[in-house]
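K.L.:
here you go, sequence then predicted model.
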Amino acid sequence: MPVRIGELNTKVTVVDGDLPLTPRQVEALVTLVVARIDQLQRAAAERSSDQSLRSSVIPSSGRGRP
């Protein structure tokens, strides 16, 4: 279904110099990015462990041992 847009208005603000964020906002953003990177690294490590070939049913990390 085609959509026809008769008119489109856009407002753009250009900021020279520093980011328009407070130090607290920057810190919160950095914390979120670091947490996400850690999460992605853990997921990749789990995937790698799950996909590795083993000669035993007991994982080499020692999990599951009495």
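P.N.:
Looks like it arrived, so ask away. Numbers count the residues shown, from 1 in each chain.
K.L.:
which of the three states applies to residue 6?
P.N.:
What DSSP: H, G, I helix; E, B strand; the rest coil gives for residue 6 is coil.
K.L.:
now it: how far from residue 51?
P.N.:
53 Å (Cβ to Cβ, to the nearest Å). Every residue, glycine included, has its C-beta placed from N, CA and C.
K.L.:
for those two, work out which one has more neighbours and name it.
P.N.:
residue 51 (7 against 4; other Cβ atoms under 10 Å).
K.L.:
look up how far residue 53 lies from the most centrally placed residue in the chain.
P.N.:
In the chain, the centroid-proximal residue (Cα atoms, centre = their mean) is residue 36; its distance is 3.9 Å. Residue 36 sits 30 Å away from residue 53, going by Cβ to Cβ.
K.L.:
list phi and psi for the residue nearest to the centre of the chain.
P.N.:
Torsion angles at residue 36 (phi, psi; degrees, to the nearest 10) stand at phi -70, psi -40.
K.L.:
got a list of what it touches?
P.N.:
Under the criterion of Cβ atoms under 8 Å, 6 or more residues apart in numbering, residue 36 has no neighbours.
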